[in-house]
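[1] fold the following and give me the result.
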Amino acid sequence: MAVLKRRLLWVTLVVAHTLGIVSSVDALMSTRTAPGAVAWIVSLNTFPYVSVPAYWVFGANRFNGYVIGRKQVNSRLYRELAQKMSLVECYATPFPPSKQNFQVMERLAKMPLLSGNNVELLIDGEAAFASIFAGIDAAEHYLLVQFYIVRDDVLGRELKHRLVARARDGVRVYFLYDEIGSYRLPSSYLDELRDAGVWVRSFHSTRGSGNRFQLNFRNHRKIVIADGRFGWVGGMNVGDEYLGQDPRIGAWRDTHLKIEGPAAFGLQLTYLEDWHWASGEILDLDWQLQTVADNGVPILILPSGPADRFETASLMVQHALATARRRAWISSPYFVPDEGVQSALKLAALRGVDVRVLIPERSDNILTYLAAYAFTQPLLEAGVKIYRYNAGFLHAKTLLIDEGASMVSTVNLDNRSFRLNFEISAWVFDETFAQRMGTVFEQDFANSREMSSTDILNQPWWFKAASRAAYLAAPVL
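    Numbering: from 1, shown residues only. Predicted coordinates:
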């Protein structure tokens with residue numbers, strides 16, 4: 001019996017380390033960052049019993065099989081959308097003279113900058129959901145709804161009741177959710193939508209070759225579209241906490257955007273691709289676009305995700321920082337940027353740009369909270385100003401460059417948003433809108449404290465060690 005146990009132990013050791021070696025080769029060839037590859041290779045060969053299953057669940061950085069209609073020329077979706085794209089050509093507009101350097105954003109987005117839009121900045125949950133619910137109630141033909149998190153609470157049930165009512169009135173309603181972000185959403189919630197005639201799909205991040213065991217990919221987008229004319233995008237999911245009604249979190253500071261006009265096409269196109277992945281279906285929608293203002297606001301919709309050839313979200317932020325001449329103000333609830341973005345922040349500050357980063361004082365993610373202390377000292381030394389918002393929980397994902405370029409996004413400045421999540425950003429090129437964004441930033445700075453080197457240097461050794469460990473884990477998670 002003892003001999004059998006020893007043989008079984010040896011077999012287990014050999015199999016575990018063999019799988020560790022095989023997984024290491026895969027990590028070497030596929031992990032997008034060198035630190036991430038090193039971290040996986042070391043752990044896979046040192047602790048294969050734990051690291052091998054963890055790698056095959058969390059390790060992949062490339063989402064296999066997702067068909068991006070604007071890029072895969074041999075796909076049915078591409079053929080369907082090719083003639084739809086021609087509809088926006090008459091709304092394409094050149095970048096303002098002071099923003100010519102942003103033209104590369106069009107190549108990242110695979111979409112042109114579109115004119116003829118109205119835009120409204122929505123600050124915090126009450127304003128955002130009042131606008132979204134009014135748009136849902138006014139829809140005449142169809143509604144496209146997509147959120148990362150949907151909760152079965154007061155706000156979630158309000159959304160459900162309104163969608164059910166519109167479906168029963170004959171409006172076509174499509175509801176797409178992320179099954180990981182909304183894992184607590186009960187089947188009864190979805191059944192009630194289906195029973196009313198709502199088309200319901202989960203994003204299925206585990207679908208496709210090579211994705212079966214993955215839990216790391218998420219569709220983090222938040223999109224609502226009414227009749228192809230009105231679109232909403234930004235940081236807010238569906239849950240009572242987004243209205244500041246969770247006593248554990250308190251006040252919730254967030255930013256959303258309402259778009260009316262041709263730029264809603266970009267939101268609709270992105271939704272169409274996500275729906276196609278989730279269901280295999282191509283939605284038959286109204287693509288007859290209309291301008292709402294002759295001199296309307298130019299907007300660029302820029303989707304990003306792990307199916308992209310490049311790390312689109314990181315490149316987007318790096319390029320925006322590289323164009324800054326006077327100011328670059330950023331808000332992000334999770335701030336663990338990659339080395340490229342850290343370098344861009346330092347270079348902008350060293351050029352004399354007013355670089356400010358707004359992050360929460362209290363975080364709902366202990367790893368990102370700790371990791372921020374591991375790399376902020378070099379940023380401070382370069383002249384980057386870091387503010388910690390202390391009037392509640394900051395969840396806004398926004399960026400303001402100089403006087404005329406503003407971004408409202410779902411992108412956090414961390415590895416997950418840069419490499420693992422499907423995200424979407426709206427860039428608004430308008431000085432009046434930028435002034436409004438600047439006013440909001442200034443109000444947030446007034447409700448914050450500015451960090452200094454003593455915040456980092458005075459921490460105990462164990463806190464510094466924990467923050468360094470959390471930072472080293474960032475490329476892996």
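[2] what sits against residue 432?
    With contact set as C-beta atoms under 8 Å, 6 or more residues apart in numbering, residue 432 has no partners. From N, CA and C alone the C-beta is placed, and that goes for glycine too.
[3] confirm it sits in a strand?
    No. Counting by DSSP: H, G, I helix; E, B strand; the rest coil, residue 432 is not part of a strand but helix.
[4] three-state assignment of residue 418?
    helix.
[5] and it, how far from residue 368?
    To residue 368, residue 418 is 13 Å away according to C-beta to C-beta, to the nearest Å.
[6] what's the answer for residue 174, then?
    Taking C-beta to C-beta, one finds residue 174 at 32 Å from residue 368.
[7] so which residues make contact with stretch 195-202?
    Under C-beta under 8 Å, 6+ apart, the answer for stretch 195-202 is 163-164, 167-168, 172-179, 182, 190, 193-194, 275, 278-279.
[8] out of those, which are inside strands?
    172, 173, 174, 175, 176, 177 (DSSP state E).
[9] about what we covered before: of the contacts of stretch 195-202, buried ones?
    By neighbour count, with 16 or more other C-beta atoms under 10 Å, the contacts of stretch 195-202 hold 163-164, 167, 172-179, 182, 190, 193, 275, 278-279 as buried.
[10] all helices for the stretch 51-200 of the chain, in order.
    All helices of the stretch 51-200 of the chain, identified by DSSP state H, counting those that start in this stretch, fall at 76-85, 104-109, 124-138, 154-168, 187-195.
[11] of the ones you listed, which approaches residue 95 most closely?
    For the helices of the stretch 51-200 of the chain, the distance to residue 95 is smallest for helix 104-109, at 8.6 Å, taking C-beta to C-beta.
[12] tell me which helix or strand of the protein sits lowest on mean pLDDT?
    Of all helical and strand segments in the chain, the minimum by mean pLDDT, DSSP states H and E falls on helix 48-58, at a mean of 62.
[13] per-domain residue ranges of the protein.
    2-58, 76-94+115-298, 312-473 (automatic domain parsing).
[14] now render these as JSON lines, adding distance to residue 107.
    As requested, the domains of the chain are arranged in JSON lines below (distance: least, C-beta to C-beta, whole Å):
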{"stretch": "domain 2-58", "distance to residue 107": "20"}
{"stretch": "domain 76-94+115-298", "distance to residue 107": "14"}
{"stretch": "domain 312-473", "distance to residue 107": "10"}
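[15] residue 305 is nearest to which of these?
    Residue 305 lies closest to domain 312-473 among the domains of the chain, at 3.7 Å (C-beta to C-beta).
[16] longest strand anywhere in this protein?
    Secondary structure assigned by DSSP E gives strand 114-123 as the longest strand of the chain.
[17] would you mark the buried spots in that strand?
    Using 16+ other C-beta under 10 Å as the test for burial, strand 114-123 gives 114, 115, 116, 117, 118, 119, 121, 122, 123.
[18] I figured residue 233 was touching residue 223, is that so?
    Yes. Here residue 233 reaches residue 223: they are 5.6 Å apart, a contact under C-beta atoms under 8 Å.
[19] overlap in contacts of those two?
    Residues touching both residue 233 and residue 223 (C-beta under 8 Å, 6+ apart) are 267, 424.
[20] looking at these two now, which is surrounded by more residues?
    Set residue 233 next to residue 223 and count neighbours by other C-beta atoms under 10 Å: residue 233 wins out with 27 against 23.
[21] so which helix or strand takes in that one?
    strand 230-234 (DSSP states H and E).
[22] strands paired with that strand, and their directions?
    Partners of strand 230-234 in the sheet, by DSSP bridges, are strand 223-226 (antiparallel), strand 255-260 (antiparallel).
[23] among these, which is nearest residue 311?
    Using C-beta to C-beta, the strands paired with strand 230-234 put strand 223-226 closest to residue 311, at 21.6 Å.
[24] what about the closest one, distance to the chain center?
    16 Å (C-alpha atoms, centre = their mean, to the nearest Å).
[25] alpha carbons only: can I get that strand in PDB?
    Extracted C-alpha coordinates of strand 223-226, given in PDB (Å, rounded to 0.1, in the frame of the first residue of the first chain):
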ATOM      1  CA  ILE A 223     -25.000  50.900 -23.600                       C
ATOM      2  CA  VAL A 224     -28.600  51.900 -24.100                       C
ATOM      3  CA  ILE A 225     -29.900  52.900 -27.600                       C
ATOM      4  CA  ALA A 226     -33.400  54.000 -28.500                       C
END
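[26] what lies in contact with that strand?
    Applying C-beta under 8 Å, 6+ apart, the set of residues contacting strand 223-226 is 132, 135-136, 138-139, 142-146, 231-233, 264, 267-268, 270-271, 424.
[27] and if we set it to 6 Å?
    With contact meaning C-beta atoms under 6 Å, 6 or more residues apart in numbering, strand 223-226 is reached by 132, 135, 139, 143-146, 231-233, 267-268, 271.
[28] quick check: of the residues you listed, which lies closest to residue 460?
    Residue 460 lies nearest to residue 233 out of these, by C-beta to C-beta, at 41.6 Å.
[29] let's verify residue 21: helix, strand, or coil?
    Strictly by three-state DSSP, residue 21 counts as helix.
[30] excluding its backbone neighbours, what's nearest residue 21?
    Leaving aside its sequence neighbours, residue 21 sits nearest to residue 45 (C-beta to C-beta, 6 or more residues apart in numbering; 6.9 Å).
[31] name the element that neighbour belongs to?
    If you go by DSSP H and E, residue 45 is part of helix 34-46.
[32] averaged pLDDT, that helix. What do you get?
    For helix 34-46, the mean per-residue pLDDT is 68.
[33] next one: stretch 138-145
    On average, stretch 138-145 scores 96.
[34] how much space between residue 154 and residue 456?
    40 Å.
[35] what about those two, which has more around it?
    The neighbour comparison of residue 154 against residue 456 (other C-beta under 10 Å) goes to residue 456, with 18 against 11.
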